[in-house]
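[1] Sequence plus the predicted model coming up.
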Amino acid sequence: MKKVIIDFLYLDLNTCKRCIATDEILKKALDILSPVFKVLDYQVKTNTVNIRTRELAEEYKFVTSPTIRVNGIDICNEFKENDCKDCGDLCGDNVNCRIFTYEGNEYEQPPVPAIIDGILKVLYKQEAHEDKIYTLPQNLDKFFTGKSNSCDNSCGCNESQQNIQLKGENEMNEIKIYEPAMCCSTGLCGVNINKELLRVSTTINALQKKGVKIERYNLSNSPKEFISNKVVNEYINKNGTKALPVIIVNGEIVKMKAYPTNEEFEKWSGVKLYNNKDQTNSSGYVGGCC
């Protein structure tokens with residue numbers, strides 16, 4: 001069986017629409033290619049890497065965001081960038097991100113065929129990976145510098161997130177989620193249920209049953225909690241309520257503007273959500289609401 005390693009390298013999946021869209025499009029492309037890989041006897045491994053620091057950029061020889069590599073080779077033959085307002089807002093400066101070129105057209109959000117074609121071309125060409133001397137592009141250096149200064153270690157999106165002190169096996173980590181104003185404690189009201197809130201509520205319910213201490217506060221139901229918590233208060237004063245939700249573990253912000261993934265819930269709680277017989281969380285929401 002032949003091995004194929006696909007790396008998706010990006011700067012941000014919370015704010016940057018270009019990175020978010022490319023991530024989703026890559027997943028669709030890989031779903032389409034799955035039976036092809038099986039017929040061709042390819043064993044595929046996908047790595048998703050958030051290039052948060054200069055050190056990671058140097059480790060992966062990262063040139064532009066977003067980047068998709070197959071066995072270390074960029075699927076894009078051309079290197080083009082334009083101004084990315086989302087990443088610029090993150091670092092408080094002008095930053096360029098990748099443009100994908102396909103059949104003579106340029107895309108900030110690549111079409112599925114462009115990704116599929118790019119992956120297959122690399123596989124069929126079987127090009128050797130060349131080790132080139134890497135220098136951090138000035139554009140990325142500007143991004144990391146600006147982001148570090150603008151975040152001021154309060155948003156958990158830079159290297160400080162790696163320094164969160166998780167407690168030992170016999171001590172339970174304390175997870176707190178501060179959310180925007182909602183109709184009730186979970187936001188699961190009305191006819192059109194938000195799927196992300198459903199996932200979060202289901203996951204929290206499952207972890208709480210396993211003894212994990214998780215508390216949720218939203219601006220409608222618990223405004224005093226946003227005032228009394230100094231870390232959250234300072235964060236909102238700086239970023240505004242549009243930057244919610246914000247996640248705190250053991251008193252430190254670990255994530256902003258997005259809810260934790262199931263993997264992050266497991267990491268911060270130290271508890272596995274599902275056993276081998278139940279690998280999904282599609283059983284539905286269990287809990288109260290209005």
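    Happy to help now that I have it.

[2] From here on, just use CA atoms for contacts and neighbour counts.
    Noted.

[3] quick one: the strands in the chain?
    Secondary structure of the chain, counting by DSSP state E: strands at 2-10, 42-50, 67-70, 73-74, 80-83, 96-102, 105-107, 174-179, 213-218, 246-249, 252-256.

[4] Burial check on residue 40, number of neighbours?
    10 (other Cα atoms under 10 Å).

[5] Tabulate the strands of the chain (JSON lines), appending mean pLDDT, mean neighbour count and distance to residue 144.
    What follows is the strands of the chain, written out as JSON lines (pLDDT from 0 to 100; neighbours: other Cα atoms under 10 Å; distance: least, Cα to Cα, whole Å):
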{"stretch": "strand 2-10", "mean pLDDT": "92", "mean neighbour count": "18", "distance to residue 144": "13"}
{"stretch": "strand 42-50", "mean pLDDT": "90", "mean neighbour count": "14", "distance to residue 144": "13"}
{"stretch": "strand 67-70", "mean pLDDT": "95", "mean neighbour count": "22", "distance to residue 144": "17"}
{"stretch": "strand 73-74", "mean pLDDT": "94", "mean neighbour count": "20", "distance to residue 144": "22"}
{"stretch": "strand 80-83", "mean pLDDT": "94", "mean neighbour count": "14", "distance to residue 144": "16"}
{"stretch": "strand 96-102", "mean pLDDT": "94", "mean neighbour count": "21", "distance to residue 144": "13"}
{"stretch": "strand 105-107", "mean pLDDT": "94", "mean neighbour count": "11", "distance to residue 144": "25"}
{"stretch": "strand 174-179", "mean pLDDT": "93", "mean neighbour count": "21", "distance to residue 144": "26"}
{"stretch": "strand 213-218", "mean pLDDT": "93", "mean neighbour count": "18", "distance to residue 144": "31"}
{"stretch": "strand 246-249", "mean pLDDT": "92", "mean neighbour count": "22", "distance to residue 144": "21"}
{"stretch": "strand 252-256", "mean pLDDT": "87", "mean neighbour count": "23", "distance to residue 144": "17"}
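
[6] Now tabulate these in TSV and tack on distance to residue 123.
    Shown next, in TSV, are these (distance: least, Cα to Cα, whole Å):
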stretch	distance to residue 123
strand 2-10	8
strand 42-50	10
strand 67-70	8
strand 73-74	10
strand 80-83	22
strand 96-102	18
strand 105-107	23
strand 174-179	44
strand 213-218	46
strand 246-249	41
strand 252-256	36
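
[7] Identify whichever of those strands lies nearest to residue 120.
    Smallest distance to residue 120 across these (Cα to Cα): 9.1 Å, for strand 67-70.
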